[in-house]
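J.: Dropping a prediction and its sequence here:
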Amino acid sequence: MSGKGLEAWQSRLSAVCGHCHTAFGLEASACPRCQTPLGGGVAAWKAAADRHLLAGNTIMEQARYFVCRSCGAAVPSGHKYCGGCGAPVPEARQSLDVTPWVDPSASAPARLVVIRGVQHPSGTQLDLGRQDVLIGRSGTDIVFDKDPWVSARHAALRVEKDRVAVRDAGSINGIYVRIKKEVEVGFGAHFICGQQVFRLDAPPNASAVDPNPSSDDASFFASPFAASSFRLVQVLEGGADGLEYCCRKARVSIGREECDVNFPDDIFISGKHGTIEQRGAERFALIDNDSRNGTFVRIAAEESLGNGDYLFVGHQLMRVELGA
């Protein structure tokens, strides 16, 4: 990359304070919020940026898209207008050639990098240190007090040699981790495709339906009962059940279009996003169909995460990074 190219890159990059997680420009020598010095000053920051760019590192997949300020649609890099509402994309954001920023002075063996959320800007690093870390809405090591979906004590993390162990600390909404291709699930499992939260339920029980519920012995008028193997139930904000799909075959697809269950207005769901496949009486496989934003499953026990794994805590999507 040429000198002018490096200067252009440096003008777009920002630093993130390792103490208070405030983002600011490279021209600063200390955090403008808490006044923490930048460990080597601006020269060290720019030198680290040069090394990162010259190494040819690839950009983050999430950085390829500008989020429309009018309708929230994801706009691919290079587009001048939003495909959802037609709003113009700012000229400076039409080419999102950005790289994940890493504090060159950071020494923590593990960190969480915010991909998107309501608490911190994308790219913010949350150092985990070398001890147990508690995430919650108040009084914890990492605080997400702006996210109403985060419980007071939500997630507990433990940094190991080359892994990060995560478990639910008694939250209402749980912790979701991105699956690698497929994972085995059973009745009661919760998972996410795009912005949709689903629960896998057992099929309706025909024998439990009272055919004569009225006092005059008349049968209840309704659709004919059809046997099914399982149900997909959409879980709405607040906990109510939404769409319910009774599955009469062993394999059911979920996506934006041409699937068994479609969500055409969900900007984060892929055309053919995921699949539920029955593998036994109460055994199922949750399969990700190489979707752009991944499929996430709610953990039921302690889960071991490696470098590059993703997790949802409330509405915070974060990536695990290991190593100094």
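T.: Thanks, I have the structure now.
J.: so the closest residue to Arg158 other than its chain neighbours is in which element?
T.: Sequence neighbours aside, Ala165 is the residue nearest to Arg158 in space, at 4.4 Å (criterion: CB to CB, 6 or more residues apart in numbering). C-betas here are computed from N, CA, C, even on glycine. Ala165 belongs to strand 164-168 when assigned by DSSP states H and E.
J.: what helices or strands is the following helix or strand past that strand leaning on?
T.: Per DSSP H and E, the first helix or strand lying C-terminal to strand 164-168 is strand 175-178. Judged by 3 or more CB pairs under 8 Å, 6 or more residues apart in numbering; DSSP states H and E, the packing partners of strand 175-178 are strand 164-168, strand 190-193, strand 295-298, strand 303-305, strand 310-313.
J.: Which elements pack onto the last one?
T.: Contacting strand 310-313 under the criterion 3+ CB pairs under 8 Å, 6+ apart are the following elements: strand 175-178, strand 295-298, strand 316-322.
J.: export the ones you listed to JSON lines and tack on mean neighbour count and mean pLDDT?
T.: As requested, the helices and strands packed on strand 310-313 are exported to JSON lines (neighbours: other CB atoms under 10 Å; pLDDT from 0 to 100):
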{"stretch": "strand 175-178", "mean neighbour count": "21", "mean pLDDT": "97"}
{"stretch": "strand 295-298", "mean neighbour count": "22", "mean pLDDT": "98"}
{"stretch": "strand 316-322", "mean neighbour count": "22", "mean pLDDT": "94"}
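J.: Any idea which of those strands gets closest to Tyr310?
T.: strand 175-178 (4.0 Å; CB to CB).
J.: Output that closest one as PDB, nothing but the C-alphas.
T.: The C-alpha trace of strand 175-178 is given here as PDB (Å, rounded to 0.1, in the frame of the first residue of the first chain):
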ATOM      1  CA  ILE A 175     -26.700 -16.500  25.900                       C
ATOM      2  CA  TYR A 176     -26.600 -17.500  22.300                       C
ATOM      3  CA  VAL A 177     -23.500 -18.700  20.500                       C
ATOM      4  CA  ARG A 178     -23.000 -19.000  16.700                       C
END
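J.: Tell me the first helix or strand C-terminal of that strand.
T.: Assigned by DSSP H and E, the successor of strand 175-178 is strand 182-185.
J.: Which strands border that following strand, and is each parallel or antiparallel?
T.: Strand 182-185 has the following strand partners under DSSP bridges: strand 284-288 (antiparallel).
J.: Using CSV, list the CA coordinates for the partner strand.
T.: Coordinates of the C-alpha atoms in strand 284-288 are reproduced here as CSV (Å, rounded to 0.1, in the frame of the first residue of the first chain):
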residue,chain,number,x,y,z
PHE,A,284,-32.9,-32.8,15.8
ALA,A,285,-30.1,-31.0,14.0
LEU,A,286,-30.0,-27.3,13.7
ILE,A,287,-28.1,-26.5,10.5
ASP,A,288,-26.7,-23.2,9.3
